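Trainee: The amino acid sequence is not available; the structure is as follows:
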């Protein structure tokens, strides 16, 4: 059985194919914000540290580490402060 509706063979062109023009050197794309939503926690100190994460959106990837370490340090200090015993006020230590 033969296929009568086969495509006709493509004839070779006598003209040489045009050389592709070299593309302009593409500049690396700048930092793009990820659009991660940071929901407020209600704790001013924690929210301030989380807001600092927005600074990483405008930095190149190699600058993220410094911001992340700073935020991590601040959040760790906030958690440590929760474990500290309350400091008595000036008139709460009566005998």
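Mentor: Sure, I can see it. These figures come from a predicted structure and were not determined experimentally.
Trainee: Contacts for whichever strand or helix holds residue 51 next, please.
Mentor: Residue 51 belongs to helix 44-52 when assigned by DSSP states H and E. The contact list for helix 44-52 (C-beta atoms under 8 Å, 6 or more residues apart in numbering) reads 38, 40-41, 67, 70-71, 74-75, 78. C-beta here means a position set from N, CA and C on the backbone, and glycine is covered the same way.
Trainee: any idea which helix or strand comes after it?
Mentor: helix 61-83.
Trainee: From the contacts of helix 44-52, pick the one nearest residue 86.
Mentor: Using C-beta to C-beta, residue 78 is the member of these that lies nearest residue 86, at 15.6 Å.
Trainee: wait, what's in contact with residue 38?
Mentor: 50-51, 53-54 are the contacts of residue 38 under C-beta under 8 Å, 6+ apart.
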